[in-house]
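*Asks:* build the 3D model from these lines:
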Amino acid sequence: MLEAMQDIQGQLDHRRIAIRKVGVKNISYPITVLDRAKKLQRTVATVNMYVNLPHQFKGTHMSRFVEILNRFHGEINLESMHRILVEMKERLDAEEAHLEIEFPYFLRVDSGREAAGEGVGVGEYRCRMHGSLGEKDDLTLSIRIPIAPPRPQPGCEGLPRSLGHWGTAEISLRFRRMVWIEEIIALVAQVTRHDLCWPGGGRDEETGCVLSVENMAKALGGKLQSHPDIRWFSVRVENLAAGFSTFASLSGGQSIT
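*Replies:* As a prediction, the model looks like this:
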């Protein structure tokens, strides 16, 4: 008779060495995410799933990560993220479970430049959700948003360093109540559609009217800080210059002046 196959990964390990992270990464997986206008949007995500491995276990069953993901059929929202983490933690006997999902999100946007022949188009935004479940539940949403401020106003002299893609804003946040991805994109658009002059435009830097990573980061931070549903945020603004990049960053715990 054939002997039953032993569960080697589930056997006790007496070396008392815990592994901080063990799991699977770079899973390409079709998902659906909430869309404010259309209710659901289908996209393809890159998924990382991992847990901590207590010292008493030799290993974990890697196939169980994908099995758990398949059970939820790619439906990603706040409730399903939590349920996936709970199942990972329970089925893999872990003290902590982590789930990272990165995906492109598409949104019809109005550039506000009809006079220049540019009207409504489709913008792509890189989104990342990181959920973790240990003693407490935690979820962070990050969105990378292109920044393309309006062209210089007639009162500004000189040429901009870029006629389109000036840089990016990466917004990370934790929220008290659900915040739509579109809401954060619109918030950034409110800040970038301003009358800041391009560098060299004739306004003094001290007036705060010159387009810079510092002024952009402060303006975004002010908007996020006053949002009633956001309990923590971080902002990183990066300008794409020739041969190098400039950046400014701040978080919700910092003073914005």
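*Asks:* do a quick rundown of the helices in the stretch 101-250 of the chain.
*Replies:* Remark: helices assigned in the stretch 101-250 of the chain by DSSP state H, counting those that start in this stretch are 181-192, 213-225.
*Asks:* check which residues of the first one are buried.
*Replies:* Neighbour counts using 16 or more other Cβ atoms under 10 Å place I181, E182, I184, I185, L187, V188, A189, V191, T192 of helix 181-192 among the buried residues. C-betas here are computed from N, CA, C, even on glycine.
*Asks:* and for stretch 75-89?
*Replies:* Those would be I76, S80, M81, I84, L85, E87, M88, K89, for stretch 75-89 by 16+ other Cβ under 10 Å.
*Asks:* show me what the helix or strand hosting the last one is in contact with.
*Replies:* The one in question is K89. Assessed by DSSP states H and E, K89 sits inside helix 78-91. With contact meaning Cβ atoms under 8 Å, 6 or more residues apart in numbering, helix 78-91 is reached by 49, 51, 64-65, 68-69, 71-72, 94-99, 101, 129, 131-133, 137, 139, 178.
*Asks:* how about 6 Å then?
*Replies:* The contact list for helix 78-91 (Cβ atoms under 6 Å, 6 or more residues apart in numbering) reads R64, I68, F72, A97, L99, G131, L133.
*Asks:* pick out the most distant pair among those residues.
*Replies:* Spanning the widest gap among the contacts of helix 78-91 are R64 and G131, at 17.3 Å by Cβ to Cβ.
*Asks:* tell me which of these two has more neighbours.
*Replies:* G131 (22 against 18; other Cβ atoms under 10 Å).
*Asks:* residues contacting that one?
*Replies:* G131 neighbours (Cβ under 6 Å, 6+ apart): M81, L85, L99, L139.
*Asks:* W180: neighbouring residues, count only.
*Replies:* So W180, with other Cβ under 10 Å, has 13 neighbours.
*Asks:* distance of the nearest residue to it once chain neighbours are set aside relative to P104?
*Replies:* Nearest residue to W180, sequence neighbours excluded (Cβ to Cβ, 6 or more residues apart in numbering): R36, at 4.7 Å. When distance is defined by Cβ to Cβ, to the nearest Å, R36 is 17 Å away from P104.
*Asks:* ok, now K39?
*Replies:* 18 Å.
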